[in-house]
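Asker: missing the sequence, but the structure's below:
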């Protein structure tokens, strides 16, 4: 943080005060806002589709996100990975899941987590003197405390470690997964509201002498589909019950974001806080989401699974109501945040993300680069490889397990309707060669038992909640410490 120097004044106290005020005014004119003390608030939604926000034309009402879009810059080509943990690992490290090995979701019984050799976003901020707070979903390692957020750079953590929860009972696989800094919290309330409550409290009770990095990771609108009855009633015009509940979950999340933004405003932080919103992957359309007009959804490398809503706002710096249509990936968030806040960080390992702050804040051109969005299914990789105008899709055939490929001129064909693999064999073979040459770390969690059922009661793809009472030890206290 900048240090204020004391001055010896040989005049009256009033004259000395005038001198200091004039000096500070001159500093502000010539130097502008002190970005080194800019606060950062990062909101992440869970399984939110492209057409699930109002500013993209959805029937779902998101007035807060719409306002942020009007006050900031919409990221028109923001790419996440097809699943939760790969995206969150890339967000925290600025590195590709192919290099970190975080390519499958961390299930509650996994013994491993995001490798401890990786340096995380909050660690950079903590070293720079920031307060670092995380609330909500973690999903980067449940069963050893070394992987928990309060041991990975966050000063404070409140939320759940797993990939999904009963939004009212705060359970997963019949164990309570709701904690504050390693101690289970047994409390009533809708998870989205509780996450917002904690974020608001932290803003009001923070150390006002230090800048703030606040990570707010909602579990909404991930299944099971649950929302307050009055919120669901607001969408009585939606005939499909799943979509109706999903819409209510999104609007409740939007209201939570509004409360957090109001707290920033009450504390006088609005104009000095970089706010970002993003989804961790596309939505699951069988569970109420809508990725239209893009193809497919969560878990797959088609545009519907990886091309997600995202925006940034910083008043006076980012042009209000603007749109950036260059490619932005989740790996870019870390180096872009570091540049925006003028934190001089050294990367212990090479990053895959790039600093896009000059492009976003002043329109500087960005050199084209190839990006890769990936996941693993315990047998094969699913990958989107985008190189300038081209997109190569690699998918395992569900019947044979053999890899299948498709090629699209993605800028002209964003809905992936015209496969050019047979027509443009030169591009097709080049991109396959480049993709195959990419280094790949061992997949973290491959030695852990695969999920027994995804769609059964209590599974991550289950529409109804598992309302059976807990019958196992809470996850916070069951985590290993040895």
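Answerer: Thanks, I have it. What you see is a predicted model; the values in this text were computed from it and never measured.

Asker: Rounded mean pLDDT for whichever helix in the chain runs longest, please.
Answerer: Identified as the longest helix of the chain according to DSSP state H is helix 241-266. Mean pLDDT, helix 241-266: 98.

Asker: isn't there a strand covering residue 276?
Answerer: Yes. Counting by DSSP: H, G, I helix; E, B strand; the rest coil, residue 276 is located in a strand.

Asker: sorry, back to before: show me which parts of the longest helix of the chain are buried, residue by residue.
Answerer: Residues 242-258, 260-261, 263-264 are the ones in helix 241-266 that count as buried (16 or more other Cβ atoms under 10 Å). Every C-beta, even on glycine, is put in place using the N, C-alpha and C of the backbone.

Asker: same question, stretch 268-282
Answerer: Buried residues in stretch 268-282, counted by 16+ other Cβ under 10 Å: 269-270, 272-282.

Asker: okay, the residues you listed in JSON lines with pLDDT next?
Answerer: Below are these laid out as JSON lines (pLDDT from 0 to 100):
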{"residue": "269", "pLDDT": "97"}
{"residue": "270", "pLDDT": "95"}
{"residue": "272", "pLDDT": "95"}
{"residue": "273", "pLDDT": "98"}
{"residue": "274", "pLDDT": "98"}
{"residue": "275", "pLDDT": "98"}
{"residue": "276", "pLDDT": "98"}
{"residue": "277", "pLDDT": "99"}
{"residue": "278", "pLDDT": "99"}
{"residue": "279", "pLDDT": "98"}
{"residue": "280", "pLDDT": "98"}
{"residue": "281", "pLDDT": "98"}
{"residue": "282", "pLDDT": "98"}
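
Asker: how about the residues you listed in a markdown table, adding distance to residue 90?
Answerer: Converted to a markdown table, the buried residues of stretch 268-282 look like this (distance: Cβ to Cβ, whole Å):
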| residue | distance to residue 90 |
| --- | --- |
| 269 | 27 |
| 270 | 29 |
| 272 | 27 |
| 273 | 23 |
| 274 | 19 |
| 275 | 20 |
| 276 | 15 |
| 277 | 17 |
| 278 | 12 |
| 279 | 14 |
| 280 | 10 |
| 281 | 11 |
| 282 | 15 |
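
Asker: so who does residue 152 touch?
Answerer: Residue 152 sits next to 92, 114, 120, 122, 123, 140 when contact means Cβ atoms under 8 Å, 6 or more residues apart in numbering.

Asker: can you rerun that using 7 Å?
Answerer: Going by Cβ atoms under 7 Å, 6 or more residues apart in numbering, residue 152 touches 120, 122.

Asker: Break down the protein into its helices, ranges please.
Answerer: Under DSSP H, the chain gives helices at 13-31, 63-71, 84-93, 97-100, 121-127, 191-205, 229-233, 241-266, 303-306, 333-340, 357-362, 425-436, 475-478.

Asker: on that earlier part again, tell me what the longest helix of the chain is packed against?
Answerer: Helix 241-266 is packed against strand 39-45, helix 63-71, helix 191-205, helix 229-233, with contacts defined by 3 or more Cβ pairs under 7 Å, 6 or more residues apart in numbering; DSSP states H and E.

Asker: Find the residue closest to residue 440 in space, skipping its chain neighbours.
Answerer: Distances taken as Cβ to Cβ, 6 or more residues apart in numbering place residue 98 nearest to residue 440, at 4.9 Å, with adjacent residues excluded.

Asker: Residue 56: how many residues sit nearby?
Answerer: Neighbour count for residue 56, taken as other Cβ atoms under 10 Å: 19.

Asker: Turn the helices and strands packed on helix 241-266 into TSV, columns for mean neighbour count and distance to residue 54.
Answerer: Below are the helices and strands packed on helix 241-266 laid out as TSV (neighbours: other Cβ atoms under 10 Å; distance: least, Cβ to Cβ, whole Å):
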stretch	mean neighbour count	distance to residue 54
strand 39-45	24	13
helix 63-71	19	5
helix 191-205	20	17
helix 229-233	13	15
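
Asker: Quick one: closest of these to residue 482.
Answerer: helix 191-205 (29.5 Å; Cβ to Cβ).

Asker: can you pull the contacts of the closest residue to residue 141 other than its chain neighbours?
Answerer: Excluding the flanking residues, the one nearest residue 141 by Cβ to Cβ, 6+ apart is residue 113, at 1.7 Å. Taking Cβ under 7 Å, 6+ apart as the contact definition, residue 113 lies against 106, 140, 141, 144, 147.

Asker: Do me a favour and get the end-to-end distance for stretch 322-340?
Answerer: By Cα to Cα, to the nearest Å, the extent of stretch 322-340 from end to end equals 18 Å.

Asker: roughly how far out does that stretch sit from the chain middle?
Answerer: Taking Cα atoms, centre = their mean, to the nearest Å, one finds stretch 322-340 lying 12 Å from the centre of the chain it belongs to.

Asker: That one: which residues count as buried?
Answerer: 324, 327-340.

Asker: between these, which is nearest residue 166?
Answerer: Of all those, residue 166 sits closest to residue 330, with 27.2 Å by Cβ to Cβ.

Asker: for the helices of the chain, which one sits closest to residue 288?
Answerer: Of all those, helix 241-266 sits nearest to residue 288, with 2.9 Å by Cβ to Cβ.

Asker: and the closest one with helix 63-71, angle?
Answerer: Angle of helix 241-266 versus helix 63-71, following axes from the mean of the first three to the mean of the last three Cα atoms, to 10 degrees, is 60 degrees.

Asker: Return the angle between stretch directions for helix 241-266 and helix 191-205.
Answerer: 10 degrees.

Asker: related to what we said a few turns ago, separation between the residue nearest to residue 440 and residue 149?
Answerer: Per Cβ to Cβ, to the nearest Å, residue 98 is found 23 Å from residue 149.

Asker: Give me the more crowded residue out of the two.
Answerer: Each of residue 98 and residue 149 has its neighbours counted (other Cβ under 10 Å); residue 149 has more, 28 against 22.

Asker: Residues in a beta bridge with the closest residue in space to the more buried one that isn't next to it in sequence, which ones?
Answerer: Leaving aside its sequence neighbours, residue 149 sits nearest to residue 157 (Cβ to Cβ, 6+ apart; 4.2 Å). On the basis of DSSP bridges, residue 157 is bridged to residue 134.

Asker: Would you agree residue 157 is in contact with residue 145?
Answerer: No. Contact criterion Cβ atoms under 7 Å: residue 157 and residue 145 do not qualify, at 11.1 Å.

Asker: who's more crowded, these two?
Answerer: Taking other Cβ under 10 Å, residue 157 and residue 145 do not tie; residue 157 has more neighbours (24 against 16).
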